[in-house]
Structures are given as C-alpha cells and as structure tokens.
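*Asks:* fold the following and give me the result.
(chains A and B)
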Protein chains: 2
Amino acid sequence: MHRFFPIFDWGRGYDRETFASDLVAAIVVTIMLIPQGMAYAMLAGLPPEAGLYGAMLPLVLYALFGTSRALAVGPVAVVALMTAAAAGDIAQQGTQGYHLAALAIAFLSGALMLGLGLARLGFIANFLSHPVISGFITAAGIIIAGSQIRHLTGIEMGGKTLIALIDSFFRGLGGLHWPTLAISVVVLGFLFWSRKGLAPLLARLGLGQRLAGLLAKGALLAAVAGSTLAVIWLDLEARGVAIVGDIPRGLPQFSMPVADTALLQILLVPAIMIAIVGYVESISIAQTLAAKRRQKIDPDKELVALGMANLGASVTSAMPVTGGLSRSIVNFDAGARTPAAGAMTALAIGVALMFLTPLLYALPNATLAAIIIVAVASLLDFRALPRTWSYSKMDGAAMAATIAVTLLAGVENGLMAGVGLSLALHLYRTSRPHVAIVGQVPGTEHFRNVQRHDVVTAPHVLSIRVDESLYFPNARFLEDTVNDAVAVNPEVTDVVLMFTAVNAVDASALESLEMINARLREAGIRLHLSEVKGPVMDRFGRCHFPDELSGKVFLTQHDAMAALAPEITADTCAAPRLLAPTT
Amino acid sequence: MHRFFPIFDWGRGYDRETFASDLVAAIVVTIMLIPQGMAYAMLAGLPPEAGLYGAMLPLVLYALFGTSRALAVGPVAVVALMTAAAAGDIAQQGTQGYHLAALAIAFLSGALMLGLGLARLGFIANFLSHPVISGFITAAGIIIAGSQIRHLTGIEMGGKTLIALIDSFFRGLGGLHWPTLAISVVVLGFLFWSRKGLAPLLARLGLGQRLAGLLAKGALLAAVAGSTLAVIWLDLEARGVAIVGDIPRGLPQFSMPVADTALLQILLVPAIMIAIVGYVESISIAQTLAAKRRQKIDPDKELVALGMANLGASVTSAMPVTGGLSRSIVNFDAGARTPAAGAMTALAIGVALMFLTPLLYALPNATLAAIIIVAVASLLDFRALPRTWSYSKMDGAAMAATIAVTLLAGVENGLMAGVGLSLALHLYRTSRPHVAIVGQVPGTEHFRNVQRHDVVTAPHVLSIRVDESLYFPNARFLEDTVNDAVAVNPEVTDVVLMFTAVNAVDASALESLEMINARLREAGIRLHLSEVKGPVMDRFGRCHFPDELSGKVFLTQHDAMAALAPEITADTCAAPRLLAPTT
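*Replies:* Below you'll find the model as predicted:
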C-alpha cells in the first residue's frame, strides 16, 4: 500500500496544527484558482467551468498519489495553450466536438503519464533539454499573450502563430471595442501594480508582513469583483462587453471520454507532448519546493499521480492539468504542509461551484485575459537566449530554433524542432569525443597529450587516449581516428588505446574495436589496450574480443610502454627532450 | 581542385603497371556486374537495363570524386529492396510511374548524400548503431530471399512482409511451374557449390591458385550462359519459363528526373533511409579495404562521391547505387589499385550494352533470382543476435526489435523502429551515469567509492564523484541524486561534487547545477566543486555560476577535504577505521 499511496506516509502524523496550516494555504490557493481556472479554460477554448472542474477531482487524486507536499495541481497556461492547439485541429472552438477532443487529450496524456510512471520511464522527460523547454515556454508565453489581445480589445482575431495573430490584429483593428479596452487597461494596470505594490501598501496600513503578503494574493479576487461590479453598475453587457455568462451550478457530472480510435491516433503526438511538458514543469517546481524542506520527490510516483489527475479530469469534463508554478509557490508560502491542502482546495472549489457561480455571471472576459497576461508575463525570459548562447553556441542554437519555430509554426512544431535539434546536436557532440595522442612525462609514470605537454614518445608505438565512453554515436569516429593516425605514421608497429575515461563499451563500439583490430592486423600492426576499467573488462569477458586482440591488455599505460618501448621508460634521463619538462 | 577531385591525388602517379592491374580487376568485376546488375534491377522491380545503366555513369562519377581505391560502386541488394518498397508506395511495378519514382529516389538520396557531404554532416550515419544495421540487413536479406521465390518457382506471390510472403506463397502454391523450378534448383546448386568448390577444382586442373580464384568468379557467367542455352535448346520460353526478353540496345539516354513536389515529399523519408543505409554499407567496406593498404578514406568526400553517383543514376534511367560488399572484395583481390578500375568497368558495361544484349534475351529470370539468393545468403548472420544479446541486453533488444519489425512491418518501419529504440536506449543509458559517494583512502590523497573501499568520511561533508560528462540526458538525474543524498543525510552541511570525469557541462547541466546550488542554499548547505577540468572551468567563466556558488571550487578533492574536514585529512591515523585499509 505504501508503495502506491504516499498518503500513508504523511497521513500518519497528521494533526490539528498541520490541518490548520493546510487550511490557510487551501483558502489562499482557492482565491487564486477560481479566476485562474476560468481564465485558463478560456485560453484552452473551453467553457469556464472546465477550468473549475479541473480544480476538483484531479486535486483529490493528486493528494492520494502525489509525493510533493506543496505542489498545487490544476489548470496551467502552457498546457491550456497546447490543448487549444491540438483540439483546434479536430474541431471548431465552442463546439461539442472540440470539448470532447480536449477530454480525449486529458485522457490520453493521463494514460501516458500513468503508463510511463508505472513502467518507471520518467527518464524520457530528458528528451527535453533545459534550453528547449525554456525557449518553448517563452515563445508559448508570447503566443498566449497575443491570443488574449482578442479578449482585451474586442478585436476579432486569432491564429496559432505570431504572424497569423499580427495579421488578424491589423485586419480586425476596426472592431476595437473601447469599453472592453478600458476595463483591460484598468485591470492590467492594477494587477501589474499589485504584484509589487500591494503587499507594502497593506503593511503600511498596519497589517503584519505575512498577513499583508497573503492578502495581496487576493488582488485577483479584487480585480474580479471590481470589474464584475463595474459591468453591472455601468450596464456594460448591453454596451457589448463580452462576459463569462451562465456557469452551470453544481458539481461536474461523470462521463467517459469518447474512445474513437481515429481521434486518439490524431491526438497521440500532441498528448505525448502535453504529458512531457506538463510533467517537466511540474517535477521541477515540486523538486525546488521539496528541497527547501529537505523532502524527497519520487519522479516516477509523480508521473503516476499526474496521470491519475488527468484521467480524473477526463471523466469530469475538465481540462488537462499539471503542477503550476505561481499557485505552488503561494501554496508553499501560505504554509501548506501536506497534499491534503490540495484536497481542501478541491472542496472549496466545490462549494464555490454550488453557491457562487451566479456571482460570476457578469465577470468580463477582459479581466480573465488580463489575469492570463499577468501570469504569463512571469514566464517570459528574454535574457535566457543571449545568456545561453554565450555559454554554449549549440544550446543557444537549439533554444533559438525552438523559439523561432514555435512563434512561426505553432507550439507542436516548435517543440518537435527543439527536441529534434537538441538530440541531433547532442549526438554530434558525443560523436566527436576528445581523443589525444599521449606520451610519457619524463621521469614519471604519467602520460599526457603530446600537443599540450613536453613528453617523450617512441616512433613505433602510438598511444591514443580516449576521453569518453564508447558507444554507437562515437564508434565510427574511433575507427576513423585510428585509421588516420596509422595512415600518417608509417613507422608504427603497435597501437595502444588508453581506456582511462572509458566507462562503457556498447555492442557497436565493440564491433568497431574488432574492426580496428582486424584492420591493424592486416597492416601488420598490433593493437593493445591499457587502463581498462573493471566493468568494461567484465563485459569483454562475455565476448571473443580479448582472445582475438593482436596485442595485450596492460594494467597501466606505463606497463604498456615498459613492454613495448623499454628504451623510453627504462632510462628516460637519456631522452633529449628532458631538458624542459612541463606539467 | 585537389579538395574536390581526389583523382588529382592518385592520377599523378598513374602508370602502365597500375593500368594493367586496374584492367584485370575491371574485367573480373564486369563479369559479375552484368548478371548482378540485371538481378538487382529485377529485385527493385525495374527493367534489367536499369541495373546495367547503374553500372555506367555512376561508376565514372565515383571514380572522379571517390577516395576509396577499391570500392566497387553499383546496384546492391539491400538498396534495391528499399527502392522497391518506397517506389511501390507510389505506383504499381512495371508502370512508367514506378520507374519515375525510382529515379526520383535516386535523385533525392543522391542530393541528400551530396548535401550532407558538402556540409560535413556525415556523423548523422551514427544514428544507425551496429546492432540495428546488422539486424536490418539480416531481416532485409530474408525478405529479399522470400521475394525471389516467385521467380524461382513461378508461383504468383508477393508482399513487403514475411507474413504476406508466406500467405501468398501458400495461396499461389497451385501455380508452381516445374520447368522454372528445375532451372532454379540446378542453378542454385551450381552457384552454392561454386562458392567453395570451383576454385579448388580449377586449381586441381592445373591452373595457378590466383588464376583459379579469378576464374571462379566467372561462375555467375557460366550460370547465365548455361541456363540461357538450356532455354534456347529446350524451347523453354514456349513452355512458360519467364525470361529477361528484349533489352534496349545502346547507351542510356539522358533525362531529368521528374521534380514533382508532392512526389518528392512522400519519398523524402525513404530517400533519407536509403542514403544513410547506402552510405553506412559503403563506408564500412571502403574503410576495411583501405586499412589493408594503410590508405585513408575521407567519409565526407565519400558522401559527396556517392551523392554524385546517385545523381548520375537519376539522369540516366538507372537504379540507385552504392558500394557493394562482394564486388568490392573481388575488385580488391583482383588487383584494383585506383578508382580508374571503376571507370573501366563502366566502359566494359557500355560495350556489353551496345553489342551483347541480344545474347541475354533468353536468360531465365529464375537464374537472376538464384544469383540474388546466393548474394544475400552471405548477408544473413543469425548468430549475431544471441552474440549481441549476451554482450549487452540493450543492444540485443534493439537488434531484435529491428529484425522483428522489419520482417513483420516492412523495411522502412523496421529501420525506424531500430533507430528510435537504439536512440531511446542510448539516452536511457546515458541518463543514469555512474555516481559514487567517495571517502578518503586513509593515509593517502586518494578518494574512492565508499561502497567498494574501506575509506574515511566526515559526517557533515558529502563528496559525490560523477563519472560522466554532464548534459541534458543526465542533468535531472544529478538533481535527483543530490536531492536524495541530502534528504537521507540530515547532518550534512557541505556537498562536494568531484568532477574528475566531467569533460563537458552543457547549458541544461549548468542550469541543474545552479538549481542544486540554490536548493542546497535554501536548506543551509554549501555546494563545492573539486577537480574541475580546464575546458569546463573555461566555460564556467562565461556565466555567473562560480560567483553564485555557495561554496568554493577546489583544485583537488584533497584540498576540499583539508578545508572542510581537517580532522579527517590532518591526522587520519586517529580514525577508527584505519585498521584494515584496502585499495
């Protein structure tokens, strides 16, 4: 039971004090989650209740299976955008088919996460390098912000790419709706100011530092209440301001997601991407928060928990969910001590769904759009590109490609381009490991690169040090290196491969070694190995390579040189280059 | 000029003796190439002349651009099969559209090879690990052999997978054509016997060893002549034996391949596969032969040369080509000294096309099928799977998957499955590098794994040695490792990462290190580094990480321990565990 339900670990010591802490956190998170959930549902092209439903059963399931004590699961911006992109390929926004597609995405990505977690395959998230995920999130943030201009201004516009958004913006410019824009400007101004200015103001009004900080999280609620009241008092609905409208009262109904094979096949690739992006975002937040209290996160159990949460979303008409950055930090700061805080949040959302939805009728969409803009503004990191580029050109190129393709060809193509390019560059990098021809540092048993140090070598012995494990991406490189080195050194009769840094030799590299051995033998040259590590030697024991080797396996490079070129090692003082040794 | 035309290197010293050597080789290769070219054209679903044309302009172009002195370029079995699989998706065999598709494949794969070679991107061939290529060639060989049963027996059968072949074989069993089968049995028996038995027989008849070996290569020609004469004398054409029929007399016409964007898009993926498989087969043969004479092969120039050869094929109605194993060995053994031998082969094929095609009219298809069977029999390596499996389960799994998917779902899916799985397994392997917690070997400055050696450690200092370069596949693993190690050691105040084996740190790993540093700092723990290599330190200089590091960068691990836990290093004799030190 403990293996599958971490709740048995933290549930045992659950007491009143922990309950009180969790409850405060749950209330603060709920206050953020009601407007954010509705906003992200709008971003995903779904009715507002899909966001609120996403904050119910999924949170309860995460509380049962999750290992993070502070992660706040629920609707998040990037996953909402990816859901919209994928579901938009199936049906028009606002249709029943579109909503069913979104549920199918939640089901598929949930099932994938669950499967990967149970099979302990969480490592596939490693396909996403940091530069790719960072570039992707910045570019997705730009697309998200661009997609909200429609709600902020009333201009009829849309599109999955930056160019489509800009183009439709200028075409629709005539449809600018001044009352909507006025609400947007006021709400956006208030929200951006409140991020820095509200807590100090409340503190100056005499509230304690901590209380002021918590109350400042109510800025979203204040914006919601203020703009709703403005719509009612000024009768802005009649003047054409788009509002949320009727939200079905009560809890979500259970319904099985539609299992249409053709639909699932089309949605498989987007669902894989959503699962991986959702997991990577979530695990990174969970680990950061856990480290602050020296707690452990089990990545595979996190996958299981997120998978269950998304399966829960798919059967309750909810949008796909994952761990969100801003609410998790608030949850942690507000004192959440166990996943029970999440379950209490779900309860509070349920209460809101049963009693408060009529109050949200007149909430303008512009306010929700402003909430989205403020949330994604913190995701944008424009300095990451020059910083990454200056550190490593390859990583910078992968990031730039991810950003460019995401902006110009949409989120799915952007992510695929980034993953493809970073994999290709990684293979390129590992396909050319550092290899050095080495010689003896006179008077010592040390061997160093002949190009960097003043060392002695024997003309008939070629010692090559390989600074990387040998596997298929670099196996052929080793063949080329040895072939070329031998071709330009006609005096060579013995080649020694120094395996100091070789931690593993896979079947491809073994075949390359056999090939090198056979080719050298044809040319009358012996191949030796030195400094072979234990695990590599163990593996050689399972094949014929050591028997076929034309030379010997020496324990150390010095042993090799002592046997092959005793004139070098025996009396190094006689060597002419000894006069100016460097280290 | 020398950079692009290796002919200037070898052409300078060209003399009469070299010419004589090349000429003998060219004649022997031509004798093999006429039947093989026609046979592989039949395998590719093309008219026999497409194979002979593939032995003309492509060979001349390879002679101009190639760096291998013994590689025999021309039609080969595996590429012929892959061409048939790809062109079969576009049109029915025997139609004009099918032939145009094959030319488009030659054009595309040639352009890809040329582009990759000019951009020096030959490393992408590393995507194909040895187990994948070996499994693929064995499975392709089985499919090839199965596809020829039709010509050997007259049974109407076909299919791209083993199951389709077996199924159609049993359905068509009633159509068995006894005269065809009789020819097949005799020719197959003769060819298999001749591989081992002909040369010794000729030697016993008084011919010299070398001459007997060369004449034995004429077995193909003998089979062709014998079966053709049998068809004529016994009037087997009238009895329903399928024959080659009319071959257009004369040289191929120049014609541009059809540049239809839609067609090229469909053929792009197969063309990439054909380019990579063709290149990998060819380069491996070229390097093996070059090593025997200590010559150098330039992989990127080889790509250019093979690309030019295929572009040449595409404009002369020829099938795609690459370097073939059996003819290259014969070429080498027969004494080929320069690529001029290939150009002479092309000349000889041209002569045959102008004067000898009427003689081939009555050649039975069954003979060509038998020639294919004998050629692919040498490709099958059934012992490779258990051998690879026993060496490495991961490599064995990749090979088994390649074989299974190729047999059950066709060559393209098989190759993709193999490449995908070997990449995934490679990432999995490198995503979990060896990491050891180390302690000091008492009385020395050496530090070793605490689990393997009797070493001393300080309870508040955790020293972790990382045995791999750090990059995105393993960056998160390092985060997990440090998080977990700290979570189970509550006394720890200092963590030292020992970078002895870290040759590189990419941007993802840098971010993980920054994350580890920040998380440890939150928990009141300092992070230190030791034994950082020069290139890694240089790169750290381009970012803020060293400034943000909560601890220090120590030159050696011993320095780190001397500073952090002087009680351990200063007087190790007082340590209780000193009594039984091991090394």
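*Asks:* what comes up buried for the longest helix seen in chain A?
*Replies:* Using DSSP state H to define each element, chain A has its longest helix at helix A:261-292. Buried residues in helix A:261-292, counted by 16 or more other Cβ atoms under 10 Å in any protein chain shown: A:263-264, A:266-267, A:270-291. No exception for glycine: its C-beta is placed from N, CA and C like everyone else's.
*Asks:* now it: average pLDDT?
*Replies:* The pLDDT scores in helix A:261-292 average 87.
*Asks:* got the angle between the helix or strand following that helix and helix A:261-292?
*Replies:* Going down the chain from helix A:261-292, the next helix or strand is helix A:299-314, by DSSP states H and E. Per axes from the mean of the first three to the mean of the last three Cα atoms, to 10 degrees, the angle that helix A:299-314 makes with helix A:261-292 is 130 degrees.
*Asks:* I'd like to know which elements helix A:299-314 is packed against.
*Replies:* helix A:57-65, helix A:96-118, helix A:261-292, strand A:322-323 (3 or more Cβ pairs under 8 Å, 6 or more residues apart in numbering or on different chains; DSSP states H and E).
*Asks:* to chain B, which of these lies closest?
*Replies:* helix A:261-292 (3.3 Å; Cβ to the nearest Cβ).
*Asks:* so A:P75 makes contact with A:M319?
*Replies:* Yes: A:P75 lies in contact with A:M319 (Cβ atoms under 8 Å); the separation is 5.5 Å.
*Asks:* and those two? Which one has more around it.
*Replies:* Between A:P75 and A:M319, A:M319 has the larger neighbour count (other Cβ atoms under 10 Å in any protein chain shown), namely 36 against 32.
*Asks:* contact partners for that one?
*Replies:* Remark: with contacts taken as Cβ atoms under 8 Å, 6 or more residues apart in numbering or on different chains, A:M319 is in contact with A:40-41, A:44, A:46, A:50-51, A:53-54, A:75, A:80, A:83, A:102, A:106, A:313.
*Asks:* if I look at it, how far off is chain B?
*Replies:* With distances taken as Cβ to the nearest Cβ, to the nearest Å, A:M319 is found 27 Å from chain B.
*Asks:* and for A:L368?
*Replies:* In terms of Cβ to the nearest Cβ, A:L368 sits 32 Å off from chain B.
*Asks:* without its sequence neighbours, what residue ends up closest to that residue?
*Replies:* Spatial nearest neighbour of A:L368, excluding adjacent residues (Cβ to Cβ, 6 or more residues apart in numbering or on different chains): A:A39 at 4.0 Å.
*Asks:* who touches the one you found in this structure?
*Replies:* A:G51, A:L368, A:A369, A:I371, A:I372, A:A375.
*Asks:* do that again at 6 Å, thanks
*Replies:* Contact analysis of A:A39 by Cβ atoms under 6 Å, 6 or more residues apart in numbering or on different chains lists A:L368, A:I371, A:I372.
*Asks:* next: A:G154.
*Replies:* The neighbourhood of A:G154, defined by Cβ under 6 Å, 6+ apart, consists of A:H177, A:T180.
*Asks:* need the pLDDT of it.
*Replies:* 92.
*Asks:* do the same with the one 5 residues further on
*Replies:* Looking at A:G159, its pLDDT stands at 86.
*Asks:* swap in A:A352?
*Replies:* Taking A:A352 on its own, its pLDDT is 92.
*Asks:* specify the angle between the helix or strand hosting A:L415 and helix A:261-292 in degrees.
*Replies:* Taking DSSP H and E as the criterion, A:L415 maps to helix A:411-431. Orientation check (the same axes, to 10 degrees): helix A:411-431 against helix A:261-292 gives 60 degrees.
*Asks:* helices or strands up against the helix or strand just after helix A:411-431?
*Replies:* Counting by DSSP H and E, the element after helix A:411-431 in chain order, helix or strand, is strand A:435-440. For strand A:435-440, the elements it packs on are strand A:447-449, strand A:461-466, judged by 3 or more Cβ pairs under 6 Å, 6 or more residues apart in numbering or on different chains; DSSP states H and E.
*Asks:* out of those, which is the most enclosed?
*Replies:* Greatest average neighbour count among the helices and strands packed on strand A:435-440 goes to strand A:461-466 (a mean of 21), per mean count of other Cβ atoms under 10 Å in any protein chain shown.
*Asks:* let me see the mean pLDDT of the helix or strand following that strand.
*Replies:* Heading C-terminal from strand A:461-466, the first helix or strand you meet, by DSSP H and E, is helix A:472-487. Computed over helix A:472-487, the mean pLDDT rounds to 86.
*Asks:* go on, stretch A:524-542?
*Replies:* 89.
*Asks:* buried residues in the helix or strand containing A:W193, which are they?
*Replies:* Using DSSP H and E, A:W193 sits within helix A:178-204. Buried residues in helix A:178-204, counting neighbours by 16+ other Cβ under 10 Å, are found at A:179-180, A:183-184, A:186-188, A:190-191, A:194, A:198-199, A:202-203.
*Asks:* which residue packs closest to A:A346, ignoring adjacent ones?
*Replies:* Distance criterion Cβ to Cβ, 6+ apart; nearest residue to A:A346, sequence neighbours excluded, is A:L59 at 4.0 Å.
*Asks:* so that neighbour sits right up against A:M344, yeah?
*Replies:* No: using Cβ atoms under 6 Å as the test, A:L59 is too far from A:M344 to be in contact (8.9 Å).
*Asks:* list of residues touching stretch A:75-93?
*Replies:* Outside stretch A:75-93, the residues that touch it by Cβ under 6 Å, 6+ apart are A:37, A:40, A:43-45, A:51, A:54, A:97-98, A:101-102, A:105, A:140, A:144, A:160, A:270, A:274, A:278, A:319-322, A:324, A:375-376, A:411.
*Asks:* could you do stretch A:301-313 as well?
*Replies:* Residues contacting stretch A:301-313 (Cβ under 6 Å, 6+ apart): A:54, A:57-58, A:61-62, A:65-67, A:73, A:106, A:109-110, A:113-114, A:116-117, A:122, A:283, A:320-321.
*Asks:* state the mean pLDDT of it.
*Replies:* Averaging pLDDT residue by residue across stretch A:301-313 gives 95.
*Asks:* how far off centre is the helix holding A:W193?
*Replies:* Helix A:178-204 sits 31 Å away from the centroid of its parent chain (Cα atoms, centre = their mean, to the nearest Å).
*Asks:* from the contact counts, what lies against that helix?
*Replies:* By 3+ Cβ pairs under 6 Å, 6+ apart, helix A:178-204 packs against helix A:209-216, helix A:219-233, helix A:365-377.
*Asks:* export those helices to JSON lines and tack on distance to B:L23, mean neighbour count and mean pLDDT?
*Replies:* Putting those into JSON lines (distance: least, Cβ to Cβ, whole Å; neighbours: other Cβ atoms under 10 Å in any protein chain shown; pLDDT from 0 to 100) gives the following:
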{"stretch": "helix A:209-216", "distance to B:L23": "91", "mean neighbour count": "17", "mean pLDDT": "80"}
{"stretch": "helix A:219-233", "distance to B:L23": "87", "mean neighbour count": "18", "mean pLDDT": "92"}
{"stretch": "helix A:365-377", "distance to B:L23": "73", "mean neighbour count": "25", "mean pLDDT": "92"}
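*Asks:* which one of these lies closest to A:V241?
*Replies:* Shortest distance between A:V241 and the helices and strands packed on helix A:178-204, using Cβ to Cβ, is found for helix A:219-233: 6.1 Å.
*Asks:* quick one: work out the angle between that closest one and helix A:178-204.
*Replies:* Using the same axes, to 10 degrees, helix A:219-233 lies at 140 degrees relative to helix A:178-204.
*Asks:* contact partners of helix A:219-233?
*Replies:* So helix A:219-233 is in contact with A:31-32, A:35, A:183, A:187, A:190-191, A:194, A:198, A:362-364, A:367, going by Cβ under 6 Å, 6+ apart.
*Asks:* just the angle between it and helix A:365-377, please?
*Replies:* Here helix A:219-233 points in a direction 160 degrees away from that of helix A:365-377 (the same axes, to 10 degrees).
*Asks:* ok, residues contacting stretch A:363-383?
*Replies:* A:35, A:38-39, A:42-43, A:77, A:137-138, A:141, A:144-145, A:148, A:151-152, A:180, A:183-184, A:187-188, A:191, A:223-224, A:227-228, A:231, A:241-244.
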